[in-house]
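>>> Compute the structure for the input listed below.
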Amino acid sequence: MPDSAAAPQASLSTLYRDHRSWLESWLRRRLGDSWEAADLAQDTFVRVLAAQHTQTLPSLREPRAYLLTVGKRLLVNHYQRRSLERAYLEALANLPQALAPSPEQRWLLLETLHALDELLDGLPRAVRQAFLWSQLEGIDYSTIGERLGVSERTVKRYMAKAYEHCLLVDL
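Numbering: from 1, shown residues only. Predicted structure coming up:
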């Protein structure tokens, strides 16, 4: 292995060894669950590894601050995901038994919702809302504009931005 490839691997190993337990403890205090904290800590280091492979990992003068930033983002995503799951389960509970999906269908729907949420992550709230109303509920642009308090032209810009975001996320 060339020295240039060994150095980042060694620094990641050192970063993991020196700071994993600290990060996991920080996450455990916020989550109140050691298993979820361990998962999120591991996900944090997976993100660091991915950043390292795409050459975007900065030189870490303050490794805990960097890990905390990545960990906080994952924590926010975790809470958003949990909120999405609760809303989905509440909607299912309100369905008549005859219309309720099977456990397999529920799982597939929940996974689809998570994928959609992750796909739209990073878009401004109004853009996300316009996109979801249009695509999931079939609401026309003028009605969306009224709901959001913006012009139809702005809704068209929102939709263009959302479509562009969706296309670029896959790249």
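>>> tell me the mean pLDDT over the host helix or strand of residue 160?
Assigning secondary structure by DSSP states H and E places residue 160 in helix 152-169. Helix 152-169 shows a mean pLDDT of 89.
>>> Could you list the residues in contact with that helix?
Outside helix 152-169, the residues that touch it by CB atoms under 8 Å, 6 or more residues apart in numbering are 119-120, 122-123, 126-128, 130-131, 134, 141-142, 144-145, 148, 150. C-beta coordinates here come from the backbone N, C-alpha and C atoms, glycine included.
>>> Stretch 84-104 now?
So stretch 84-104 is in contact with 106, 109-110, 113-114, 117, going by CB under 8 Å, 6+ apart.
>>> Equivalent analysis for stretch 124-139, please.
Here stretch 124-139 makes contact (CB under 8 Å, 6+ apart) with 120, 123, 140-141, 143-144, 147-148, 150, 155, 158-159, 161-162, 165.
>>> again, only using 7 Å
120, 144, 148, 155, 158-159, 161-162 (CB atoms under 7 Å, 6 or more residues apart in numbering).
>>> Now the top helix by length along the chain: average pLDDT?
The longest helix of the chain (DSSP state H) is helix 63-93. Mean per-residue pLDDT for helix 63-93: 83.
>>> for that helix, which positions count as buried?
63, 66-68, 70-71, 74-75, 77-78 (16 or more other CB atoms under 10 Å).
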